[in-house]
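Visitor: From the sequence below, what's the structure:
(one chain, ligands or ions: 4)
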Amino acid sequence: MSSARGFNVMERMFKRRFAVPKRTSELIALMAISTTLFLFLHTRDLNSKLKQMEVKMQPEDLVSANQLISGNSGPSSSSGVRAMMKILQSTGEMTSLQPYQLNNTLKAQQEMIFFNRVPKVGSQTFMELLRRLSIKNHYGFHQDRVQRVETIRLAPEDQARLAALVSTYDPPGVYIKHVCFTNFSEFGLPEPIYVNIVRDPVERVISWYYYVRAPWYYVERKMAFPDIPLPDPKWLKKDFETCVLSGDRECKYLKGETREGIGDHRRQSMFFCGHDEACTPFNTQGALQKAKMAVEQHYAVVGVLEDLNSTLTVLEHYVPRFFKGAFEVYWDEISRYNTINRNTFKPPVSEEVKEIVRRNFTKEIEFYQFCKQRLHKQLFALRLPEKP
Ligand SMILES: *[C@@H]1O[C@H](CO)[C@@H](O)[C@H](O)[C@H]1NC(C)=O
Ligand SMILES: *[C@@H]1O[C@H](CO)[C@@H](O)[C@H](O)[C@H]1NC(C)=O
Ligand SMILES: *[C@@H]1O[C@H](CO)[C@@H](O)[C@H](O)[C@H]1NC(C)=O
Ligand SMILES: *[C@@H]1O[C@H](CO)[C@@H](O)[C@H](O)[C@H]1NC(C)=O
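Guide: Residues are numbered from 1 along each chain as shown. Ligands and ions are numbered 1, 2, ... in the order given. Here you go, the predicted structure:
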């Protein structure tokens with residue numbers, strides 16, 4: 001539940017790329033433990049609140065209409081697009097597929113983008129894109145402040161408060177926060193334009209693992225919250241492969257398990273499933289279906305980090321008010337200077353170890369594939385001429 005903290009300050013620090021003095025790195029070597037403890041306490045408190053909520057929905061009963069095929073992973077790219085095209089053609093769906101059928105922007109009742117960004121999916125770069133586009137396309141840019149504990153799963157009254165806050169900004173605008181899908185219409189508020197980005201779930205979990213161990217992460221935390229103590233150096237040095245292969249608790253991914261607090265960055269789908277208790281167990285069918293439902297009913301675009309060009313093109317066409325010119329701005333202005341969030345402390349992880357982890361991430365992988373296919377469908381529906 002509680003999530004990545006302090007992204008904003010960190011972003012500034014990245015830009016400075018500042019070197020960590022030796023003393024400081026020793027000093028910061030303690031922090032994680034108390035952070036964990038704090039998160040744990042906080043989570044427990046929130047948990048008891050959330051337990052009082054009843055889940056009325058039966059997600060298994062809901063069929064997701066847009067789900068076309070699953071499986072077929074492979075590195076996104078144009079070969080994936082072409083394979084998808086073939087399937088669509090063979091089912092006759094290609095000729096009937098119209099953009100309006102896939103255009104949730106039409107459902108929006110306010111010109112506000114609600115970008116409930118997932119940590120470690122390159123959303124730092126997307127924020128930069130949105131910030132630049134806000135100047136070009138004339139809209140307001142708003143983001144949540146740095147939180148000591150970033151709570152992504154909120155009690156109903158806090159969801160209502162968040163939805164109300166976002167609805168008070170002058171449209172058009174964008175609001176960015178690490179938080180689970182929040183259903184504005186549930187609180188009688190006008191539907192915003194939902195967008196988000198996903199990433200290969202195993203790559204993402206590895207990225208998170210090293211991110212929380214990177215020195216700048218602690219320095220940044222320590223600067224924002226000086227009383228936070230330092231992590232155990234042994235914990236800092238532990239590498240992902242050893243963690244998985246030795247059966248370390250931190251790298252065990254068990255179906256149905258609810259492990260919240262700092263460790264629970266395993267479930268990308270949770271950002272789409274929502275705030276319900278039903279969304280918390282790892283790798284379950286119910287949470288997966290609920291996440292797919294939210295994407296299908298509400299999200300204008302869920303981009304895919306590994307398929308940036310399709311993402312940018314689809315954003316430009318389905319949410320033009322905000323993303324007009326996104327492709328150009330990204331390739332001309334952002335990509336060439338983009339060193340944001342590139343963790344140089346991240347050692348390579350072998351395919352074998354990734355495969356071990358992948359075996360337990362079946363629902364997460366299915367969700368990722370689902371988003372990718374939806375993105376590709378949106379792209380075909382546009383019937384753009386092929387790029388040379
Ligand atoms: C994957 O799940 C199985 C069965 O629940 C479990 O025994 C195993 O330890 C898990 N592996 C990892 C890397 O989490
Ligand atoms: C969001 O809330 C509306 C109104 O209560 C409901 O019709 C819709 O199904 C909800 N969406 C999800 C994904 O639960
Ligand atoms: C994405 O577009 C850029 C800019 O046009 C191009 O240089 C790049 O090769 C494209 N990438 C893929 C994977 O098609
Ligand atoms: C989707 O709907 C939005 C809002 O009406 C519109 O601006 C955009 O052009 C539409 N996109 C497509 C591809 O139909």
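Visitor: I'd like to know how far the residue of the stretch 101-250 of the chain found nearest ligand 2 sits from ligand 4.
Guide: As assessed by Cβ to the nearest ligand atom, ligand 2 sits closest to Asn183 within the stretch 101-250 of the chain, at 3.7 Å. Every residue, glycine included, has its C-beta placed from N, CA and C. As judged by Cβ to the nearest ligand atom, to the nearest Å, Asn183 and ligand 4 stand 20 Å apart.
Visitor: Phi first, then psi, for that residue.
Guide: Phi and psi for Asn183, reported as degrees, to the nearest 10, are phi -90, psi 100.
Visitor: residues in contact with it?
Guide: Taking Cβ atoms under 8 Å, 6 or more residues apart in numbering, we find Asn183 in contact with Gln159, Gly274, Ala294, His298.
Visitor: End to end on stretch 258-270, go ahead and measure it.
Guide: 12 Å (Cα to Cα, to the nearest Å).
Visitor: repeat for stretch 208-217
Guide: End to end - Cα to Cα - stretch 208-217 spans 11 Å.
Visitor: Give me the buried stretch members for that stretch, please.
Guide: Buried residues in stretch 208-217, counting neighbours by 16 or more other Cβ atoms under 10 Å, are found at Trp208, Tyr209, Tyr210, Tyr211, Val212, Arg213, Ala214, Trp216, Tyr217.
Visitor: Over to stretch 326-339?
Guide: Ala326, Phe327, Val329, Tyr330, Ile334.
Visitor: what number of residues lie near Arg153?
Guide: 26 (other Cβ atoms under 10 Å).
Visitor: So it: helix, strand or coil?
Guide: coil (DSSP: H, G, I helix; E, B strand; the rest coil).
Visitor: thinking again about what came up before, kindly reformat the buried residues of stretch 326-339 as a markdown table and extend each row with distance to Asp144.
Guide: A markdown table is the format used below for these (distance: Cβ to Cβ, whole Å):
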| residue | distance to Asp144 |
| --- | --- |
| Ala326 | 22 |
| Phe327 | 27 |
| Val329 | 23 |
| Tyr330 | 23 |
| Ile334 | 22 |
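Visitor: nearest to ligand 4, of those residues?
Guide: Nearest to ligand 4 among the buried residues of stretch 326-339, with distances taken as Cβ to the nearest ligand atom, is Ala326, at 13.6 Å.
Visitor: Roughly how far does that closest one sit from ligand 2?
Guide: 26 Å.
Visitor: need the contact list for that residue.
Guide: Leu129, Leu133, Leu312, Leu315, Glu316.
Visitor: Could you rerun that using 10 Å?
Guide: 126, 129-130, 132-133, 136-137, 311-317, 319-320, 334 (Cβ atoms under 10 Å, 6 or more residues apart in numbering).
Visitor: Can you pull up the most central residue in the chain?
Guide: Centroid-nearest residue in the chain: Val118, 2.1 Å away (criterion: Cα atoms, centre = their mean).
Visitor: Settle this for me: that residue is touching Cys273, isn't it.
Guide: No - between Val118 and Cys273 there is no contact, the gap being 11.9 Å when judged by Cβ atoms under 10 Å.
Visitor: burial measure for His298, as a count.
Guide: 21.
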